[in-house]
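[1] Got a predicted model here, sequence first, then my questions.
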Amino acid sequence: MPKRVLVIVPFPLDDEGVANRRLQASAIDLGPDIQFDFEPVKAGAALLDSFHDSMLADLALYEVGMSAQERGYDAVCSDTMSDSGVNALRSLLDIPVIGPGRASYLTALMLGQRFSVLTQWDGWIPIYEKGVHDAGLDAHCASIRSINMRPDLKNLLGGKEEVVFPLLLAEAQRCIEDGADVICLGSTTMHQAHGFLTENLPVPVINPGPLSYAIAHMLLVTGLSQSHSFYHQPEVPKQGMTAAMLDAARAYEAGLE
């Protein structure tokens, strides 16, 4: 039986939107012994552009992942560079939980001394500032640069390649001028640009989604998972309350449509 990994999509997307996120898995071949299932949240943040949205995203992704171990999954990946829900899920679950944000930054330091984050939108910059700072890596971050183009969370970069790719390449080159040895794509929604940037830049470019899947595979192969010495398990877990909250949120959002 293949190992099963739950990838939690941070927005309540339809089947087409989830399919665009699922395309990330085609960028890496981990063999037939592991499969990745993509599941969107029931309701939650609109854009992840604020502390307000970060709070909603943490709760929404936690709710999807909290039953992953009971449902037979062997690992969980959060499909957002904000690493939303990761800490709470690590506290609850015994199976490994991976966030692409910290995974990207720490992997960058195995490939170089300083990294830059290249993002699509200024609204996401606080996500990277917080993630880099929380990991204690401020001194290793050369820069955070953005082309400041509002994201399309359903279609991603599809149909906009001729406009977006040259803008991303120009900002990536400025990242290198800032001193970056490695560039981290700032969103899993940018995965379509990875091949183009890799072909046109002299430094490694980290594609966060596929990287997190590879790390999930590595942890499963080595039998490693998060330490409950740090990620303390709750004495009174309240999964039922959390599920009720998100069911009510989904019903509320549906009533607005």
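    Structure's in. What do you need? Residues are numbered from 1 along each chain as shown.
[2] When you work out contacts or count neighbours from here on, use the C-alpha atoms and nothing else.
    Noted.
[3] any weak-confidence spans in this structure?
    Counting by pLDDT under 70, the chain has low-confidence residues at 257.
[4] where along it do the strands fall?
    Applying DSSP state E to the chain gives strands spanning 3-9, 34-40, 75-78, 97-98, 115-119, 141-146, 182-185, 205-206.
[5] Tell me how many other residues surround the closest residue to residue 37 other than its chain neighbours.
    Among residues not flanking residue 37 along the chain, residue 6 sits closest, at 5.1 Å (CA to CA, 6 or more residues apart in numbering). When neighbours are counted by other CA atoms under 10 Å, residue 6 registers 25.
[6] which residues does residue 6 bridge with?
    Counting by DSSP bridges, residue 6 forms beta bridges with residue 37, residue 76.
[7] residues contacting the closest residue to residue 144 other than its chain neighbours?
    Once flanking residues are discounted, residue 144 sits nearest to residue 117: 4.7 Å by CA to CA, 6+ apart. By CA atoms under 8 Å, 6 or more residues apart in numbering, the contact set of residue 117 is 128, 141, 143, 144, 145, 183, 184, 185, 186.
[8] any chance of these in TSV, with neighbour count too?
    Below are those laid out as TSV (neighbours: other CA atoms under 10 Å):
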residue	neighbour count
128	22
141	25
143	20
144	22
145	21
183	31
184	24
185	27
186	30
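[9] domain ranges for the chain?
    3-100+211-256, 101-207 (automatic domain parsing).
[10] quick one on the thing from earlier: can you list the contacts of residue 117 in a markdown table and add distance to residue 13?
    Conversion of these to a markdown table gives the following (distance: CA to CA, whole Å):
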| residue | distance to residue 13 |
| --- | --- |
| 128 | 23 |
| 141 | 32 |
| 143 | 31 |
| 144 | 28 |
| 145 | 27 |
| 183 | 28 |
| 184 | 25 |
| 185 | 22 |
| 186 | 20 |
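[11] just checking, residue 41 touches residue 11?
    Yes. Under the criterion of CA atoms under 8 Å, residue 41 makes contact with residue 11 at 5.7 Å.
[12] out of those two, which sits in the busier spot?
    Shown here are residue 41 and residue 11; by other CA under 10 Å, residue 11 has more neighbours (25 against 22).
[13] need the contact list for the more buried one.
    Each residue near residue 11 by CA under 8 Å, 6+ apart is listed here: 40, 41, 42, 43, 44, 45, 46.
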